[in-house]
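*Asks:* Predicted structure and sequence below. I'll ask about it afterward.
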Amino acid sequence: MQLSLKSRCYAGWQSISSYLKAVIRLPACVRVQILTFLGLALLASAPLWASNAGYYQVEMLIFTQPQSLNPSAEGTRDVITWSLPSERAYQVDTVSFWQQQIDSQQISPLTQVTRHLTGISQKLQERSGTRILWHQAWGMHIGSRTQARPILIEGGRALQNVAELQGYVNLSVGRYLHVHTNLGLHQFEQRGLVPYSAAYMQQKRRMRSNEIHYLDNPYFGVLIQIRR
């Protein structure tokens with residue numbers, strides 16, 4: 001017969017109480033050694049607990065919308081020159097354009113098995129006019145807004161060192177998780193190597209862990225999930 005929660009808690013407390021009574025009856029020198037050992041064990045485990053306190057798994061899927069870029073349409077404008085808010089940044093995969101401008105620290109991507117948005121990605125690719133521009137999953141520690149580093153993104157097609165999708169996202173946590181996107185989808189001239197128009201997504205979103213959030217504009221969309 002299974003014990004109730006109250007009974008299990010009482011039994012656990014009885015075991016701890018018996019252990020403490022046994023320690024008290026030991027000679028003083030032995031008690032000091034035991035307490036010292038327990039203290040060191042707690043100190044050794046504290047960094048491990050602290051290192052995992054702000055650790056999250058992040059997955060992001062960026063894809064084109066069926067609507068093509070139109071240089072004269074609302075939501076598009078001339079190509080801008082990217083500038084980063086910090087000299088430190090993260091990268092999940094190769095970012096040849098960004099590496100020319102800034103030093104970045106590699107984040108280890110997660111395996112394909114740990115990705116949760118693969119099924120959605122496959123469904124999107126079946127939709128006419130939709131292409132997957134970027135799909136990555138990685139683990140990282142997320143801190144406060146003042147500690148946030150930009151995560152550099154490049155994806156889609158590329159001409160020379162210019163990627164179709166460029167930009168970065170910032171992730172931070174307070175009472176809620178927060179994502180700030182600064183992404184641009186470029187359109188190239190048919191015979192040129194320089195993009196002549198772009199659609200930009202500069203959005204902020206408050207999030208809850210484990211939920212899938214969707215951000216979009218008429219030309220491309222972002223799905224993001226942050227998991228504990």
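*Replies:* Sure thing, it's come through.

*Asks:* Show me what Leu152 bridges to in the sheet.
*Replies:* Gln91, Tyr168 (DSSP bridges).

*Asks:* Got the domain ranges for the chain?
*Replies:* Listed domain ranges for the chain are 5-52, 54-227 (source: automatic domain parsing).

*Asks:* Worst mean pLDDT across the helices and strands of the chain, which element?
*Replies:* Ranking every helix and strand in the chain by mean pLDDT, DSSP states H and E puts strand 76-77 at the bottom, with a mean of 53.

*Asks:* quick one on the thing from earlier: weakest of the domains of the chain in terms of mean pLDDT?
*Replies:* Note on those: domain 5-52 shows the lowest mean pLDDT, a mean of 59.

*Asks:* residues contacting Thr181?
*Replies:* 167, 169, 201-205, 215, 222 (CB atoms under 8 Å, 6 or more residues apart in numbering). Using the backbone N, CA and C atoms, a C-beta is placed for each residue, glycine as well.

*Asks:* A helix includes Leu124, no?
*Replies:* Yes. Under DSSP: H, G, I helix; E, B strand; the rest coil, Leu124 sits within a helix.

*Asks:* who does Tyr200 bridge with?
*Replies:* Beta-bridge partners, per DSSP bridges, of Tyr200: Gly184.

*Asks:* how close does Gln202 sit to Ser128?
*Replies:* 28 Å (CB to CB, to the nearest Å).

*Asks:* swap that for Met60, sorry
*Replies:* Separation of Met60 from Ser128 (CB to CB): 23 Å.
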